[in-house]
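Asks: Following is a predicted model, sequence given first.
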Amino acid sequence: MYTVLLFRCTQKRGDELSTLGRPKSDNPKDIQLKIRADKQTIEDLQFCCKQTGLNKSDVIRLGIKKVKQEVENKK
């Protein structure tokens, strides 16, 4: 039998208590996206990540921004 203990860390700031942890983001990325990809696309994504030092999510977001700019420039 296992016992699970949950702790909530707080820090006293002035007269109020605040929860410790990561600061709240101005633009939280709380939506998950699932895609289907072939082997070559995954290899290309891994190559881009290795060359840029960015993670997969950042490379994909950058790609979306670049495509959006191209579409807007054609108008």
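Replies: Sure thing, it's come through.

Asks: which SS class is Gly21?
Replies: Gly21 falls in the coil class when you classify it by DSSP: H, G, I helix; E, B strand; the rest coil.

Asks: how many other residues sit next to it?
Replies: Gly21 is flanked by 9 other residues according to other C-beta atoms under 10 Å. Every residue, glycine included, has its C-beta placed from N, CA and C.

Asks: cool, Asp58 as well?
Replies: Counted with other C-beta under 10 Å, Asp58 comes out at 13.

Asks: Name the helix or strand for it, please.
Replies: Assessed by DSSP states H and E, Asp58 sits inside helix 56-74.

Asks: what's the closest non-adjacent residue to Leu62?
Replies: Nearest residue to Leu62, sequence neighbours excluded (C-beta to C-beta, 6 or more residues apart in numbering): Leu54, at 7.1 Å.

Asks: Tell me the pLDDT of Val4.
Replies: On pLDDT, Val4 comes in at 61.
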